[in-house]
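Trainee: how would this look folded up:
(chains A and B)
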Amino acid sequence: MKFGYLVKNYIPMINCLFIYPIVFFLSIFLLKQNTLKSFTIVIANIIVLIITELISVFTCMSIFKINSEIFVNSWIYLSIALVIQYTLFFAIIKIANMILKNKTSFRYVITSINKKSLITVLIILALCIFPQFIIYVINRYNYPAYFLILNSMQMIIICIVIFSSFKNSMEREKVQNDLVTMTLHNKTMTGMVDGVRKLKHDYNNIMQALNGYVSTKQYDKLKEHIKSVLGECSDINTLSVITPKIFNDPAIYGIVGAKYFTATEKDIKFEFDITTNIAKINFSMPDLSRILGIILDNAIEATTKLEKNRYIKLEMRFDNKKCADVIRVYNTYDTSININTQDIFKKGYSSKEVKSGIGLWEVKKLIDKSKHSQIYASIEKDKFIQNIIIEK
Amino acid sequence: MEFLIVRGLSSILEALLWTYFIISLARILSKEECKFSKKQVLLFFILLVILIEIRIFS
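Mentor: Here you go, the predicted model:
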């Protein structure tokens, strides 16, 4: 009798303990997943099954006012509970598939969740759900069935309203961020259009001037004139590089665009050489935009000290040999200032008159957070170069 | 008899849902696109049905 009781009530658990390790090995050897992922999959499966089973059994027992013994011994109630459980399980799978289809936007949503509004939503949900839960537990299913159904419907409606208002506020934030990106893009496009219009307007004058130099055989002056015209063309070409298509991360696009316009206002020639897919760089984008902001600020400050030959170049390319993304910032600087390329990342080191020396120290801290990236400085002829290497 | 039918159908449905869930979760967890062949999925499903149906200790 005792053994029968034991088998009836406790041994079925061993079925689960038998099945899950086999599922774990199946997902490693058949589905070719690694150990950690297989373990996560099995644990997630167990948790979801437990939750859906508890909800379906509890709901069934509440609606039909039965206890656990009657429930377990009746195939009708078991079937109803199974239907509820599988419906919930299917709903969860559908949500998982929706997340899968919008993986990138889901990751963006997770990173951009406003903590205050999230806490507000969770508190409201807890205040709605918790009293209901206590009443259900204490009342021991003595509710009339229609009351339970109405109450559940009310809770679902409240949840839908709260989540849709939360979703709307997040969408509004995303639209505002997109607006900032579009404003910057509009600025670069306007600059390009104005440049092209100016060149087109002056085309006849430029051609006549060039013809004048050719006919009088003043080839040195012809060379200089062509150089200045080409300079204007290269400015327009540079603007055509600053697009969301090439800088396909909003944070990087915002920072680089802003620094470009700051540099052009100070008569600094700013060049780009972007050949890598920025969104796929194996580094946190917010951190990378901070790093680029600090390095470009330093470059602008250093090159502004020169009266002429102010120059900055941003290079972002993928090195096949190193299997890493390489980011380089070149800038001309006052060569009379002695720079120690080893010490510049130390706290307090600065070549400025009013010393702060924190910027590059912060950059080093952000780079050292990740094990697969490094930064070093070098000097080539009259250019100072910051090199960042980020492995895939 | 009805109990056995319900149990049998529920095992198949449970295995189907488990397969669907595990495949979806595997795709979410992988950084790059993860594709499974039909043979892999079918074999996984059949093995799950057998596992769930065995229920050695009931």
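
Trainee: Give the next helix or strand downstream of whichever helix or strand A:Ile22 is part of.
Mentor: When secondary structure is defined by DSSP states H and E, A:Ile22 falls within helix A:12-29. Remark: after helix A:12-29, the chain's next helix or strand is helix A:35-64, criterion DSSP H and E.

Trainee: And that next one, what does it pack against?
Mentor: Judged by 3 or more Cβ pairs under 8 Å, 6 or more residues apart in numbering or on different chains; DSSP states H and E, helix A:35-64 is in contact with helix A:12-29, helix A:68-73, helix A:75-101, helix A:145-215, helix B:2-29. C-beta coordinates here come from the backbone N, C-alpha and C atoms, glycine included.

Trainee: With mean neighbour count, distance to A:Gly257 and mean pLDDT added, can I get the ones you listed in TSV?
Mentor: Listed next are those as TSV, based on neighbours: other Cβ atoms under 10 Å in any protein chain shown; distance: least, Cβ to Cβ, whole Å; pLDDT from 0 to 100:
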stretch	mean neighbour count	distance to A:Gly257	mean pLDDT
helix A:12-29	15	45	77
helix A:68-73	12	64	78
helix A:75-101	16	31	81
helix A:145-215	13	4	78
helix B:2-29	17	33	81
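
Trainee: Out of these, the one nearest B:Glu53 is which?
Mentor: Smallest distance to B:Glu53 across the helices and strands packed on helix A:35-64 (Cβ to Cβ): 4.7 Å, for helix B:2-29.

Trainee: Briefly note if the one helix or strand B:Leu48 maps to comes near chain A.
Mentor: Taking DSSP H and E as the criterion, B:Leu48 maps to helix B:38-54. Yes: against chain A, helix B:38-54 shows contacts by Cβ under 8 Å from any Cβ of the partner chain at B:Gln40, B:Leu43, B:Phe44, B:Leu47, B:Leu48, B:Leu51, B:Ile52.

Trainee: Buried ones from the residues you listed, can you make that a PyMOL selection?
Mentor: The buried subset of the residues of helix B:38-54 next to chain A, as determined by 16 or more other Cβ atoms under 10 Å in any protein chain shown, is captured in PyMOL by this line:
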select buried, chain B and resi 44+47+48+51+52
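
Trainee: which one among the residues of helix B:38-54 next to chain A gets closest to B:Trp18?
Mentor: Closest approach to B:Trp18 among these (Cβ to Cβ): B:Leu48, at 5.5 Å.

Trainee: Let's check: the centremost residue of chain B is which one?
Mentor: B:Ala15 (2.9 Å; Cα atoms, centre = their mean).

Trainee: so that residue sits right up against B:Val49, yeah?
Mentor: Yes: B:Ala15 lies in contact with B:Val49 (Cβ atoms under 8 Å); the separation is 4.2 Å.

Trainee: Distance from the chain centre to stretch A:303-320, please.
Mentor: Relative to its chain's centre, stretch A:303-320 lies at 27 Å (Cα atoms, centre = their mean, to the nearest Å).

Trainee: same thing with stretch A:302-311?
Mentor: Using Cα atoms, centre = their mean, the offset of stretch A:302-311 from its chain centre is 35 Å.

Trainee: buried residues in it?
Mentor: Buried residues in stretch A:302-311 (16+ other Cβ under 10 Å): A:Ala302, A:Thr303, A:Thr304, A:Leu306, A:Arg310, A:Tyr311.

Trainee: Can you pull out the residues in contact with that stretch?
Mentor: A:266-269, A:271, A:312, A:330-334, A:351, A:382-384 (Cβ atoms under 8 Å, 6 or more residues apart in numbering or on different chains).

Trainee: just the buried members of those?
Mentor: Buried positions within the contacts of stretch A:302-311, assessed by neighbour count (16+ other Cβ under 10 Å), are A:Ile268, A:Lys269, A:Ile312, A:Tyr330, A:Asn331, A:Thr332, A:Tyr333, A:Ser351, A:Lys383, A:Phe384.

Trainee: Lowest-confidence member of those residues, which is it?
Mentor: The lowest pLDDT within the buried ones among the contacts of stretch A:302-311 belongs to A:Ser351, which sits at 60.

Trainee: rewinding a little: farthest pair within the contacts of stretch A:302-311?
Mentor: Greatest spatial distance in the contacts of stretch A:302-311: A:Glu271 and A:Ser351, 23.6 Å, computed using Cβ to Cβ.

Trainee: Arrange the buried ones among the contacts of stretch A:302-311 in a markdown table, one row each, with secondary structure as further columns.
Mentor: Listed next are the buried ones among the contacts of stretch A:302-311 as a markdown table, based on DSSP: H, G, I helix; E, B strand; the rest coil:
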| residue | secondary structure |
| --- | --- |
| A:Ile268 | coil |
| A:Lys269 | strand |
| A:Ile312 | strand |
| A:Tyr330 | strand |
| A:Asn331 | strand |
| A:Thr332 | strand |
| A:Tyr333 | coil |
| A:Ser351 | coil |
| A:Lys383 | strand |
| A:Phe384 | strand |
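
Trainee: Good, we can wrap up now.
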